[in-house]
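S.K.: Prediction below, plus the sequence it came from.
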Amino acid sequence: MTDANYMQQRMAELQRNDAVQDIFSKIVSGKSGYKAPIVKKEIIIRCKSCMTQLEPFHKFCFECGTKAEKPAEQ
Ligand SMILES: [Zn+2]
């Protein structure tokens, strides 16, 4: 796992936490209460190879490098 992938994964985890989201928004916008325009979709993407749960922005599995494929449009 590269440092860049690790940071991407950590950022994804942090953004799921509303308390951290507020802190994160302060960093991004310089003020509290600002909600970053993150579209929340209940789409679970898993690596076909190792079944690692991926975020929608992951192009490739961060565990094994398999190309991530999004589920069909609904
Ligand atoms: Zn994988």
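M.R.: Perfect, I can see it now. Numbers count the residues shown, from 1 in each chain.
S.K.: Remind me which helix or strand the most centrally placed residue in the chain belongs to.
M.R.: For the chain, the residue nearest the mean C-alpha position is residue 12 (3.5 Å; CA atoms, centre = their mean). For residue 12, the host element (DSSP states H and E) is helix 3-15.
S.K.: Which residues of this protein lie near the ion?
M.R.: 47, 49, 50, 52, 61, 63, 64, 66 (CB under 5 Å from the ion). Using the backbone N, CA and C atoms, a C-beta is placed for each residue, glycine as well.
S.K.: Can you give me the domain assignment for this protein?
M.R.: 3-38, 41-74 (automatic domain parsing).
S.K.: For the ones you listed, which has the smallest mean pLDDT value?
M.R.: Mean pLDDT is lowest for domain 3-38 out of the domains of the chain, coming in at a mean of 76.
S.K.: ok, the spatially closest residue to residue 58 that is not a sequence neighbour - how many residues close by?
M.R.: Once flanking residues are discounted, residue 58 sits nearest to residue 68: 5.1 Å by CB to CB, 6 or more residues apart in numbering. Using other CB atoms under 10 Å, residue 68 is surrounded by 19 other residues.
S.K.: residues contacting residue 68?
M.R.: Residue 68 makes contacts with 45, 47, 54, 58, 59, 60, 61, as judged by CB atoms under 8 Å, 6 or more residues apart in numbering.
S.K.: can you check residue 33 too?
M.R.: Contacts of residue 33 by CB under 8 Å, 6+ apart are 22, 25.
S.K.: Just the buried subset of the residues of the chain next to the ion, please.
M.R.: 47, 52, 61, 63 (16 or more other CB atoms under 10 Å).
S.K.: any idea how far the first one lies from residue 13?
M.R.: Right, the one you point to is residue 47. Distance of residue 47 to residue 13, computed by CB to CB, to the nearest Å: 17 Å.
S.K.: repeat for the last one
M.R.: Using CB to CB, one gets 15 Å for the distance from residue 63 to residue 13.
S.K.: for the third one, same thing?
M.R.: When CB to CB is the yardstick, residue 61 and residue 13 sit 16 Å from each other.
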